[in-house]
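Colleague: here's my sequence, what's the structure:
(one chain, ligands or ions: 1)
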Amino acid sequence: MKTLAIIGQGGHARVLADAAEGAGWAAIVLIGDTPEDPAPWPCAGSLNELLHGVVEADACLVGIGDNSTRLGIHRCLAREAWSTPRLLHPRAGTSPRARLGAGSVVLAGAWAGVGTTIGEAVILNTGATVDHDCVLGDGVHVSPGAHLAGGVRVGECSWIGIGAVVRQGITIGRDAVVGAGAVVVADVPDGITVVGNPARPLER
Ligand SMILES: CC(C)(COP(=O)(O)OP(=O)(O)OC[C@H]1O[C@@H](n2cnc3c(N)ncnc32)[C@H](O)[C@@H]1OP(=O)(O)O)[C@@H](O)C(=O)NCCC(=O)NCCS
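Modeller: Here you go, the predicted structure:
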């Protein structure tokens, strides 16, 4: 029986464990520094212990919501030649002509359309849709119920908030944030947070 180690002990890690169970992984352990078990999955040890072979597993997924942390750990695992599988919830789907990078997850009710390219350590969260010919960089998170129309490009580590909508052909830079419920009708530069309908940069 193969063991999947999910790095993290918070809500996202538990969502991944739940999806992995549905996808057929029989043995799942969580990896973190908190000794208490976030039931029903046991905590097998720390990331350090995993990397030094004290904790054994056949494959690893990073279950951490923060985009740059997730991508950083994912890249570290890849450098160490860990298997970092793609995870598709049994009620999620991708077109056979969509590409999904290593360590990326498609959660319940989510969909990636024809011609779409999704990078590594990406989250397509519950009920999110990414339509045809989109390009998502490594470490992107498309939150629950967010929708990207065709041909949208999203740069590395950007976060599309819950329920946001992005019009076709838009480019969102890297490390950008689209606030919950925003309607994006213009390109978003690198590192900028936009909110509202139509989405505008958040004044600080
Ligand atoms: C956009 C966002 C990142 C801003 O967070 P923040 O920097 O902590 O901002 P604050 O909560 O301090 O709000 C700053 C201002 O922006 C407004 N604002 C925040 N988020 C907004 C949103 N989504 N839409 C419209 N206005 C918003 C606030 O009302 C506040 O306005 P004020 O200054 O007039 O009072 C955050 O609100 C958000 O939408 N996050 C996405 C959450 C999400 O998708 N969760 C899913 C996880 S799976």
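
Colleague: for the ligand, see how far away the spatially most central residue of the chain is.
Modeller: Geometric centre of the chain, nearest residue: residue 123, 1.7 Å, by Cα atoms, centre = their mean. Distance, residue 123 to the ligand, by Cβ to the nearest ligand atom, to the nearest Å: 8 Å. In this view, the C-beta of every residue, glycine as well, is placed from N, C-alpha and C.

Colleague: next: residue 12.
Modeller: Residue 12 is 8 Å from the ligand, by Cβ to the nearest ligand atom.

Colleague: test my guess that that residue contacts residue 65.
Modeller: Yes - counting by Cβ atoms under 8 Å, residue 12 does reach residue 65; the two are 4.5 Å apart.

Colleague: who has more neighbours, these two?
Modeller: Neighbours were counted for residue 12 and for residue 65 using other Cβ atoms under 10 Å; residue 12 has more, 21 against 18.

Colleague: looks to me like the more buried one is in a helix.
Modeller: Yes - assessed by DSSP: H, G, I helix; E, B strand; the rest coil, residue 12 belongs to a helix.

Colleague: what is the burial count for residue 83?
Modeller: Count around residue 83 with other Cβ under 10 Å applied: 15.

Colleague: any stretches of this protein with poor pLDDT?
Modeller: 37-38 (pLDDT under 70).

Colleague: quick one, helices of it?
Modeller: For the chain, the helices defined by DSSP state H cover 11-22, 47-51, 67-79.

Colleague: which residues are in contact with the second one?
Modeller: Okay, so that is helix 47-51. In this structure, residues lying in contact with helix 47-51 by Cβ atoms under 8 Å, 6 or more residues apart in numbering are 5, 7, 31-33, 44, 55, 57, 60, 73, 76, 80.

Colleague: please apply the same query to the longest one.
Modeller: Residues from elsewhere that reach helix 67-79 (Cβ under 8 Å, 6+ apart): 7, 47, 51, 60, 62, 64, 84, 102-103, 120-121, 123, 138-141, 156-159, 175.

Colleague: interface residues of the chain facing the ligand?
Modeller: Proximity of the chain to the ligand (Cβ under 6 Å from any ligand atom) is limited to residues 125, 143-144, 161-162, 177, 179-181, 193, 195-196, 202.

Colleague: list just the nearest of the contacts of helix 47-51 to the ligand.
Modeller: Proximity of the contacts of helix 47-51 to the ligand was ranked by Cβ to the nearest ligand atom; the top entry is residue 7 with 17.5 Å.

Colleague: what count of nearby residues applies to residue 117?
Modeller: Neighbours of residue 117 (other Cβ under 10 Å): 16.
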